[in-house]
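Q: Provide a 3D model corresponding to the input given below.
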Amino acid sequence: MSHPFGTVPPDAILAGTATDAYFERTRETLEYAGKNPHVVAEVTADQFPTGSFEVFSGVHDVATLLEGRNVDADALPDGQLFDGGPVMRIEGPYLEFAALETSLLGFLSQPSGFATAALEARLAAPDSQVLSFGARHVHPSIAATVERAALVAGLDGFSHVAAGELLGRVAGGTMPHALMFCFGEGNQDEAWRAFDEAVSEDVPRIALTDTFWDEVSESLLAAETLGDRLDGVRLDTTGSRRGDFRHIVREVRWELDARGFEDVDVFCSGGLDPAAIRSLRDVADGFGVGSHITDADAVDFSLDIVAVEGEPVSKRGKLSGVKEVYRTADGGHHVSLADGDPPTDGEALLEPLVRNGEIVREFDLEDASERCLTDAEAVGFDR
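A: Have a look, this model is predicted:
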């Protein structure tokens, strides 16, 4: 069966054919030799803590992948921050999950990278509205993955309509430059007025005000055109024309206030990273963040067998034996053998995910977001 956009279908992922070829060769070899040992495997990025925390996400998809298979699995909760050691443990006959490794790591690596970058943006302006505008930079089939990761990290919303339908959230956003072009230079007021008359009342009236003229002129025109109905203006000035963006935002704010439009908010978008957000957070009311999230490096997770038939094993450079990770009251992240002594006041972080092929955990997006922000404060996340 052909797929019009060249995506791997869910059936292939669940069947284990969305895998690297050497796992197929491994299955053939083990079946030929009559071997299928009972193993424990762990998913890790770094073996030891490095002092650099990342956000764990994507575990709900892994639970779906493992459902109905003869395995047990434990994992960090969705949204938990980690720094070394296992984020997931899988136990069972190796061939039950061998071919799933490629998909399993993909389900974790990219969402965790997106969520970590989104958390950086969130904490750059903790008191401002921050929205995810990055879906246009990824394949449409994973847009919901981007937007969910952004919500896990505490962002206030996102722009992608279909992702909103999947996540049970309403997508946000008002108008692109294309709308302004369709009305033409000199007719900006007509565009904003038409938008106001056409679009549902529950959509904020945020006018894009940097299309043809300078930002101050268009912002004042928008305020005069819509009056009390205008909720805010958005500045999306391209980097090649931006100059001192902070000064531009302050100028817009000053001129709006000078004419009695103190209630009109100023939103900024267009290639913003955490450093830019921090420089603007005292003069702007909200931000749209795109490429900083979608350009994030995937977390380099690997899955390694650490015990075979109860005996510890490892490849060179990895740590043998079943391990546990702990969070201590001072925000420390600790790794030790699961049957060893935990650190003083350490809380074990791995929790049951799958038992005998049955998912034993519920997934709540709001809980994950609260967990992420609380844990970020506890560990002093600052990147």
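Q: can you tell me the element the residue nearest to residue 363 when sequence neighbours are not counted falls in?
A: Once its chain neighbours are removed from consideration, residue 363 has its nearest residue in residue 60; the separation is 4.4 Å (CB to CB, 6 or more residues apart in numbering). Heads up, the C-betas are built off the backbone N, CA and C, glycines and all. Using DSSP states H and E, residue 60 sits in helix 59-66.
Q: for that helix, packing partners?
A: Here helix 59-66 is seen to pack against strand 72-75, strand 86-93, helix 101-124, strand 351-355, strand 358-359 when contacts are counted using 3 or more CB pairs under 8 Å, 6 or more residues apart in numbering; DSSP states H and E.
Q: any idea how far that helix is from the middle of the chain?
A: Taking the mean of its C-alpha atoms, helix 59-66 sits 17 Å from the chain's own mean (CA atoms, centre = their mean, to the nearest Å).
Q: quick one: residues in contact with it.
A: In this structure, residues lying in contact with helix 59-66 by CB atoms under 8 Å, 6 or more residues apart in numbering are 13-14, 73, 75-78, 88, 90, 97, 100, 103-104, 107-108, 353-354, 357, 359, 361, 363.
Q: do the same with stretch 87-97
A: Applying CB under 8 Å, 6+ apart, the set of residues contacting stretch 87-97 from outside is 27, 30-31, 36-45, 56, 59, 62, 66, 69-76, 104, 108, 301, 303, 305, 322-323, 325, 350, 353.
Q: just the buried ones from those residues, in PyMOL syntax?
A: Applying 16 or more other CB atoms under 10 Å to the contacts of stretch 87-97 leaves a buried subset, and the PyMOL line that selects it is:
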select buried, resi 27+39+40+41+42+43+44+45+56+59+62+66+69+71+72+73+74+75+76+104+108+301+303+305+322+323+325+350+353
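Q: out of the helices and strands packed on helix 59-66, flag the one nearest residue 202.
A: Each of these was scored for nearness to residue 202 using CB to CB, and the closest is helix 101-124 (24.5 Å).
Q: how about the CA coordinates for the closest one, as CSV?
A: What follows is helix 101-124 as a C-alpha-only set of coordinates in CSV (Å, rounded to 0.1, in the frame of the first residue of the first chain):
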residue,chain,number,x,y,z
GLU,A,101,14.4,-0.6,19.5
THR,A,102,14.6,1.8,16.6
SER,A,103,11.1,3.1,17.0
LEU,A,104,11.3,3.1,20.8
LEU,A,105,14.4,5.4,20.7
GLY,A,106,12.8,7.6,18.1
PHE,A,107,9.7,8.0,20.3
LEU,A,108,11.9,9.3,23.1
SER,A,109,14.8,11.1,21.5
GLN,A,110,13.1,13.8,19.5
PRO,A,111,10.3,14.7,21.8
SER,A,112,12.7,15.0,24.7
GLY,A,113,14.9,17.3,22.6
PHE,A,114,11.9,19.4,21.7
ALA,A,115,10.7,19.6,25.3
THR,A,116,14.1,20.6,26.6
ALA,A,117,14.4,23.4,24.1
ALA,A,118,10.8,24.5,24.9
LEU,A,119,11.7,24.6,28.6
GLU,A,120,14.6,26.9,27.8
ALA,A,121,12.2,29.3,26.1
ARG,A,122,9.6,29.0,28.9
LEU,A,123,12.1,29.9,31.6
ALA,A,124,13.5,32.7,29.6
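Q: that one vs helix 59-66, what angle?
A: Between helix 101-124 and helix 59-66, the angle comes out at 170 degrees (axes from the mean of the first three to the mean of the last three CA atoms, to 10 degrees).
Q: show the average pLDDT along helix 101-124.
A: Here helix 101-124 scores 98 as its mean pLDDT.
Q: residue 270 - nearest residue in space that isn't next to it in sequence?
A: Take residue 270 and drop its neighbours on the chain: the residue closest to it by CB to CB, 6+ apart is residue 236, 4.5 Å away.
Q: in this protein, what secondary structure element scores lowest on mean pLDDT?
A: In the chain, no helix or strand scores lower on mean pLDDT, DSSP states H and E than helix 239-242, which sits at a mean of 57.
Q: can you count the residues close to the residue nearest to residue 270?
A: Summarising burial for residue 236: neighbours were counted as other CB atoms under 10 Å, giving 20.
Q: residues contacting it?
A: Counting by CB under 8 Å, 6+ apart, residue 236 makes contact with 177, 208, 210, 268, 269, 270, 288.
Q: mind running it again at 6 Å?
A: Shown here is residue 236, whose contacts under the criterion CB atoms under 6 Å, 6 or more residues apart in numbering are 210, 269, 270.
Q: can you redo the residues you listed as TSV with secondary structure and distance to residue 122?
A: Written out in TSV, the entries for the contacts of residue 236 read as follows (DSSP: H, G, I helix; E, B strand; the rest coil; distance: CB to CB, whole Å):
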residue	secondary structure	distance to residue 122
210	coil	25
269	coil	15
270	coil	18
